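**Q** everything below, folded, please.
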Amino acid sequence: MRRGAFVFAVVAAFAAILAASSGQPLASSPQRPAPALSPSPDRALVDKYCVTCHNQRAKTGGLALDTIDPGHAAEGAEVWEKVIRKVRGGLMPPVGMPRPEKAALTGFASQLETAIDAAAAAHPKPGRPVLHRLNRSEYGNSIRDLLALDVDVASLLPPDEEAYGFDNIADVLGVSPALMERYLSASGKIASLAVGNPKITPAKDTFRVRGDLSQHDHIEGLPIGTRGGMLISYTFPVDGEYVFSPKLYRETVNIIRGLEVAHELEVTFDGERIRLAPFGGKDDELANYLNPTAAGDELEKRFQIRLPVKAGPHTIGVAFLKKSSAPTIDLLQPFQRERIDPITPVGIPELDKVTVEGPFNVTGPGDSPSRRRIFTCKAADGAQGVTCARTILTTVARRAYRRPLTDSEADRLMGFYQRERAKGGTFDAGIENGLAFVLVSPQFLFRFERDPDTVTSDGVFRISDLELASRLSFFIWSSIPDDQLLDAAVKGRLKDPIVLEQQVKRMLADQRARARARWSSGCSPTSARGPSAAISPASGCICATSRACGRTRTCSPISTTTCGSLCSARPRCCSRASCSRITACSTC
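**A** Okay, the predicted model is just below:
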């Protein structure tokens, strides 16, 4: 019944979003006849230095300049963008051909930029953003910031489709029934982990050491005097007992290499040693050769440890005590990664994987960061309990939906809470049920922008502060807005350039801004395989780079230039001659 209610509610909400975000496509502007070529210094420069090669007959480089007029640069903005890029880069006219004075070339490029920018400012073409599903990385980051919980999204959701080397292009982030099933499953698991459900079933998580990682030397984060191994950051859902099981690498016939001499394996928990297990030597080596599988399994039981753990994030370290850092005296230099040779039984033991299994003998939900993030008030009986539940769920949903909730949305969330309580569930179980719905709601999974009722299909308008806050946070953090940014948007303060600049500076100083660096640099991301777009945080404008939109420069993301006033409310593709000028790009 709970799953059926989720599915019905999600489908209904999704249908409402589609209805709200749908609209007529932008009306195409009528084609105007090409103007007559005007006699001007720019026209004379093109005829003298460019048309010799770039004409309708030769079309060198696929470019013809004899039929378009630099005096009407806006009419052929795509072509003139290419010209500007080549001239600014000193590539045209080419070496060995007659060239005008540098001042003449600079003035020519500036004149084209000014004309194109002025036309773009007078007739903006913002385009229309489509319904944008959070990709897998954004979903994981949003869960982290929403619930103070790190989850392995790769185990919960399939990889996203890519376009032009990016996995955050709205056009390819579709939704299938199978994907919605994964979201439904993920929401239940995440809600259970976040709340700390004592009825959670034991599970086994496996962490593997990279096969190309050398285990001869010290691994950062592990105790000094050790070599190899791995350091695991793991979030334990509840207070209880957990089993840690390190496993050694075995070669092709299941033999553990390096047992001809004695070794010691150390297991640490939050930096404290909890197990130091000796292994290797004559007896272990002989058993390993006679019965590799059974002997190896018995040897690895020495490493296994069962430990009571408090809920929350902890670190588990597994490494070998290092005997010496002196170079070997072997005639042949050894491999840095001995797994290159999968047959030899000699060498050094290497860690292959570590499994974490549990919880067993659960003692309670604990006091994890996720519980402190969610439960902002204490549970009580009667009306106080209902009020507390409403406060908790609306607070979480406000952050997840990236806007204040309506009364009907709050009532729907409380319906999930109350249904769980009516079945005899605890207060925490009711919160978990409501939280699971929030995590699968289209309001959380999708980003969309509503058209004002007073705007025509081809009208231009500015986006709201809440929509700008969402654009900012997903551009800089790849995640949802935090409370400070959301509060500023609710109060309408992001319209103030000073406040906007302060918020962007604060966000860039946050460690979450590192996620942005994985796919973006400066004002816009670039891709050699096609066009890409990203929001300029200073103005809500979108800049793009491609073969046609090639004049993009690295812009300061905290610029407060006229970009905001020139760019339309929902820009889609523009190229920038500088951080203060926007130019239409017809091919985008």
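**Q** okay, and the beta partners of Phe166?
**A** Here Phe166 sits in beta bridges with Ala163, going by DSSP bridges.
**Q** and it, how close does it get to Tyr183?
**A** 21 Å (CB to CB, to the nearest Å). The C-beta positions use only the backbone N, C-alpha and C, and glycine is treated the same way.
**Q** ok, now Lys59?
**A** Using CB to CB, we find Lys59 at a distance of 51 Å from Tyr183.
**Q** more neighbours, those two?
**A** Tyr183 (21 against 12; other CB atoms under 10 Å).
**Q** please name the residues that touch the more buried one.
**A** Leu157, Leu439, Val440, Leu445 (CB atoms under 8 Å, 6 or more residues apart in numbering).
**Q** from those, pick the one nearest Gly385.
**A** Ranked by distance to Gly385 (CB to CB), the contacts of Tyr183 are led by Leu439 at 22.5 Å.
**Q** what pLDDT does that closest one get?
**A** Per-residue confidence at Leu439 stands at 96 (pLDDT).
**Q** and Pro359, that's in a strand?
**A** Yes - applying DSSP: H, G, I helix; E, B strand; the rest coil, one finds Pro359 inside a strand.
**Q** contacting residues around it?
**A** Pro359 makes contacts with Ile200, Pro202, Phe236, Pro237, Val238, Asp239, Gly240, Glu241, Tyr242, Val309, as judged by CB under 8 Å, 6+ apart.
**Q** from Val267, how far off is it?
**A** The separation that Pro359 has from Val267, given CB to CB, amounts to 18 Å.
**Q** could you do Arg208 as well?
**A** 17 Å.
**Q** so between the two, which is more surrounded?
**A** Neighbours per residue, other CB under 10 Å: of Arg208 and Val267, the larger number sits with Val267, 22 against 12.
**Q** just to revisit the earlier point, among the contacts of Tyr183, which are located in strands?
**A** In strands, defined here by DSSP state E, there are no members of those.
**Q** please identify which of those residues is nearest to Thr114.
**A** Top of the list for closeness to Thr114, among those and by CB to CB, is Leu445 at 43.7 Å.
**Q** quick one: neighbours of that closest one, just the number.
**A** 23.
**Q** picking that back up, turn the contacts of Tyr183 into JSON lines, columns for distance to Gly174.
**A** Compiled in JSON lines, the contacts of Tyr183 are given as follows (distance: CB to CB, whole Å):
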{"residue": "Leu157", "distance to Gly174": "13"}
{"residue": "Leu439", "distance to Gly174": "20"}
{"residue": "Val440", "distance to Gly174": "17"}
{"residue": "Leu445", "distance to Gly174": "12"}
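**Q** thinking again about what came up before, out of the contacts of Pro359, which is nearest to Asn135?
**A** Among the contacts of Pro359, Pro237 lies closest to Asn135 (CB to CB), at 25.4 Å.
**Q** just give the nearest non-adjacent residue to the closest one, would you?
**A** In space, Pro237 comes closest to Leu193 once its chain neighbours are excluded; the distance is 4.7 Å by CB to CB, 6 or more residues apart in numbering.
**Q** for Ala397, see how far away the one you found is.
**A** Applying CB to CB, the value for Leu193 to Ala397 is 18 Å.
**Q** same deal with Thr114?
**A** Going from Thr114 to Ala397 by CB to CB gives 48 Å.
**Q** which of the two has more residues huddled nearby?
**A** The residue with more neighbours, out of Thr114 and Ala397, is Ala397; 24 against 13, by other CB under 10 Å.
**Q** host element of that one?
**A** In this assignment (DSSP states H and E), Ala397 forms part of helix 382-401.
**Q** same for that helix, what does it pack against?
**A** Taking 3 or more CB pairs under 8 Å, 6 or more residues apart in numbering; DSSP states H and E as contact, the helices and strands that helix 382-401 lies on are helix 136-147, helix 407-422, helix 427-440, helix 442-445, helix 483-490.
**Q** surely Leu307 is within a strand?
**A** Yes - secondary structure assignment places Leu307 in a strand (three-state DSSP).
**Q** what sits against it?
**A** Residues in contact with Leu307 (CB under 8 Å, 6+ apart) are Glu241, Tyr242, Val243, Phe244, Phe269, Ile274.
**Q** what subset of these is buried?
**A** With neighbours counted using 16 or more other CB atoms under 10 Å, these contain these buried positions: Glu241, Tyr242, Val243, Phe244, Phe269.
**Q** can you list which of the residues you listed are found in strands?
**A** The subset of the buried ones among the contacts of Leu307 that ends up in strands is Glu241, Tyr242, Val243, Phe244, Phe269, with DSSP E as the criterion.
**Q** is the fourth one bridged to anything, and to what?
**A** Using DSSP bridges, the beta-bridge partners of Phe244 come out as Ile305, Val356.
**Q** wait, it touches Val309, no?
**A** No - counting by CB atoms under 8 Å, Phe244 does not reach Val309; the two are 9.6 Å apart.
**Q** tell me the pLDDT of Thr454.
**A** The confidence metric pLDDT takes the value 79 at Thr454.
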